[in-house]
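Asker: sequence isn't available, so here's the structure alone:
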């Protein structure tokens, strides 16, 4: 016979958080996989601190991704994952590397979750798909994903066309699905994390806050720019191509000026050019580069080590839990 | 000597909710003042149920407003207020009526809070201003308002140009002001209410949920349309005039078609015409009318009495409070 203690039972039956259980991590805090930002340094720092670090494959050539995975394995013995935008040109090569290297957690975005979910799962990989609507949350659930990230309009970088915000998206998705739900978009603090869980999420994915971490690959100019960004400092633009939330810098204003001249898609593509994101976020050209960040940048005031960020989020979460208990009216 | 009991002390010093105290109401739940929706029937029903009902003056001729105020006083002995958009053409007449009729609570929006705040307060009226950015929250505080409503991008009807969502706006405003803060935009449930308070609000203003109440003046067609609206069923449009969030009906699509032809502001104004809002929301023309509602309509599934709505929100709030206490990881 095998007996559980009362505490164990409580934990296993009632309390165990679905996200910490799914990924075998300490805190239900996932660091979003971000192009030009989240290489092995950030991912391993987050995983070592008890969250789930994700390497952002979107800006990496296949051989670079392999290198980051190998370095990440050396830098942490904790679980970490890889985020893959499904429109990635060499997607088959990327998938082969993921399987070769024994990655056990994959977050997919910007594509059909039916394409690769079962294939990954056959290789013992947990699959999470990022969505911005109830419709795609249901499609992801049908595709058999292990969890869903529902990401609101306030998120940085590429974003859904529905423009549904985190505050409304999370309860509307929660009402329709029964698999674990991760909230993203606008979360950078323990209060934000608790609010997302109150709305129905089992855990959170945090992007912008980790851009301004010591371990992120963002250029120091971009990190400083995030810290200086205030509310209303970003906008969702380029909706004719793929909507993307940017800091309102010189490049952004060039895009808006072009809009006032009623451009066609081709003219927009020419202005956008190539490598604007790399130029801004990785090379630190704050005027001519694309600076992807979320609205919550207005709440980020200091560059900190990833471990410190997680520690502060968890400690504010627990303090706020107690405050909630004391609300009376 | 005068002694407080421990419970009283706890309540007065630590716990008493700033919003219930400010307005002398039972629950920190305010029903947003909405054009064509919130007359005396809805406002008095909400106030009688322990919230704060607001008459929406924006769609009323001065004599109609006076009638609604007088009927509201007969229908409830609880506090209620009036919402005034400051661009109202006969604003001086409206203000005179408010003072004549002994109204004690005014919510102002869409204008400079410095204009009338002190004047109202001289007449013993509490003034709350609605904002959509940190900048205007600070201006409102400087103007001496008694509280601020910070309203996010997901809200129905007229909306700020900054497009900042409730999830990010509330903590960013909270960080900068020290007067009572009311969250609006996307809140329709007890979970939403608690999430807003976790983010830093002292209370909530709820609009869309009360549109689909028995006592609202919305046409039954519009109420049914709200109940049927799903996520991604609304959009913020007409940004060249005043941004407004609408259900994507035939009229909305006409606006979008006109956009594809690169209209000037005058052409937009002609299409918008007059009385589109009345036609849609009050007269029930679901094709040609303007149907103002928030993103959270996707979570509203039934027309209910206002008192029932408040009862459900408060009871879900308290249940969720207990759930929060049990979160462990």
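Answerer: Received, thanks. Predicted model, so just to flag it, every value in this text is computed and none were measured. Residues are numbered from 1 along each chain as shown, chains lettered A, B, ... in the order given.
Asker: gap between the nearest residue to residue A:289 once chain neighbours are set aside and chain B?
Answerer: Closest residue in space to residue A:289, ignoring its immediate chain neighbours: residue A:280 at 2.1 Å, by Cβ to Cβ, 6 or more residues apart in numbering or on different chains. Quick note: C-beta positions are derived from backbone N, CA and C, even for glycine. For residue A:280, the distance to chain B equals 21 Å [Cβ to the nearest Cβ, to the nearest Å].
Asker: what does residue A:74 give?
Answerer: 27 Å.
Asker: does that residue count as helix, strand or coil?
Answerer: Here residue A:74 is recorded as helix under DSSP: H, G, I helix; E, B strand; the rest coil.
Asker: where does residue A:107 land in three-state SS?
Answerer: Going by three-state DSSP: residue A:107 is strand.
Asker: what are the bridge partners for it, then?
Answerer: Beta-bridge pairing for residue A:107 (DSSP bridges): residue A:83, residue A:128.
Asker: how many residues are close by it?
Answerer: If you count neighbours by other Cβ atoms under 10 Å in any protein chain shown, residue A:107 ends up with 27.
Asker: so who does it touch?
Answerer: Contacts for residue A:107 (Cβ atoms under 8 Å, 6 or more residues apart in numbering or on different chains) come out as A:30, A:33, A:54, A:81-84, A:127-130, A:149.
Asker: looking at it now. What's its pLDDT?
Answerer: With respect to pLDDT, residue A:107 scores 98.
Asker: and for residue A:15?
Answerer: Value for residue A:15, per-residue pLDDT: 67.
Asker: what's the answer for residue A:262, then?
Answerer: Looking at residue A:262, its pLDDT stands at 82.
Asker: so it makes contact with residue B:262?
Answerer: Yes - using Cβ atoms under 8 Å, residue A:262 makes contact with residue B:262 at a distance of 4.6 Å.
Asker: next, the distance between the ends of stretch A:225-232.
Answerer: With Cα to Cα, to the nearest Å as the measure, stretch A:225-232 spans 14 Å from end to end.
Asker: hmm, it in reach of chain B?
Answerer: Yes - using Cβ under 8 Å from any Cβ of the partner chain, stretch A:225-232 reaches chain B at A:230-232.
Asker: which among the residues you listed end up buried?
Answerer: Among the residues of stretch A:225-232 next to chain B, those buried by neighbour count (16 or more other Cβ atoms under 10 Å in any protein chain shown) are A:231-232.
Asker: tabulate the residues of stretch A:225-232 next to chain B (CSV), appending secondary structure and pLDDT.
Answerer: Compiled in CSV, the residues of stretch A:225-232 next to chain B are given as follows (DSSP: H, G, I helix; E, B strand; the rest coil; pLDDT from 0 to 100):
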residue, secondary structure, pLDDT
A:230, coil, 97
A:231, coil, 96
A:232, coil, 95
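Asker: residue A:110 touches residue A:85, doesn't it?
Answerer: Yes - with contacts counted by Cβ under 8 Å, residue A:110 reaches residue A:85, the gap being 4.6 Å.
Asker: from the contacts of residue A:107, pick the one nearest chain B.
Answerer: Proximity of these to chain B was ranked by Cβ to the nearest Cβ; the top entry is residue A:30 with 12.9 Å.
Asker: so which strand or helix has the closest one?
Answerer: Assigned by DSSP states H and E, residue A:30 falls within strand A:29-31.
Asker: elements contacting the helix or strand just after that strand?
Answerer: Counting by DSSP H and E, the next helix or strand C-terminal to strand A:29-31 is helix A:40-48. Contact analysis of helix A:40-48 by 3 or more Cβ pairs under 8 Å, 6 or more residues apart in numbering or on different chains; DSSP states H and E lists strand A:29-31, strand A:53-56, helix A:62-75, strand A:80-85, helix A:306-326 as its packing neighbours.
Asker: please redo it, this time with the cut-off set to 6 Å
Answerer: Other elements packing on helix A:40-48 under the criterion 3 or more Cβ pairs under 6 Å, 6 or more residues apart in numbering or on different chains; DSSP states H and E are strand A:53-56, helix A:62-75.
Asker: highest mean neighbour count out of these?
Answerer: Most buried of the helices and strands packed on helix A:40-48, by mean neighbour count (mean count of other Cβ atoms under 10 Å in any protein chain shown): strand A:53-56, with a mean of 29.
Asker: can you list the strands that it pairs with?
Answerer: Applying DSSP bridges, strand A:53-56 is found paired with strand A:80-85 (parallel).
Asker: which residues are in contact with the strand it pairs with?
Answerer: Strand A:80-85 is contacted by residues A:33, A:43, A:47, A:53-58, A:72, A:94, A:98, A:103, A:105-110 when judged by Cβ atoms under 6 Å, 6 or more residues apart in numbering or on different chains.
Asker: hmm, back to that, close to chain B, is the strand holding residue A:30?
Answerer: No - judged by Cβ under 6 Å from any Cβ of the partner chain, strand A:29-31 and chain B are separated, with a smallest distance of 9.3 Å.
Asker: likewise for stretch A:246-265?
Answerer: Yes - counting by Cβ under 6 Å from any Cβ, contacts between stretch A:246-265 and chain B involve residue A:262.
Asker: buried residues in that stretch?
Answerer: Neighbour counts over stretch A:246-265 (16+ other Cβ under 10 Å) mark A:246-249, A:251-252, A:255, A:263 as buried.
Asker: farthest pair in the residues you listed?
Answerer: Greatest spatial distance in the buried residues of stretch A:246-265: A:247 and A:263, 21.2 Å, computed using Cβ to Cβ.
Asker: within range of chain B, give me the residues from the stretch 151-300 of chain A.
Answerer: Listed as neighbours of chain B in the stretch 151-300 of chain A under the rule Cβ under 6 Å from any Cβ: A:154, A:162, A:164-168, A:171-172, A:186, A:191, A:194-195, A:198-199, A:231-232, A:262, A:295-296, A:298-299.
Asker: of the residues you listed, which belong to helices?
Answerer: Here DSSP state H is the test, and those give A:166-168, A:171-172, A:191, A:194-195, A:198 as lying in helices.
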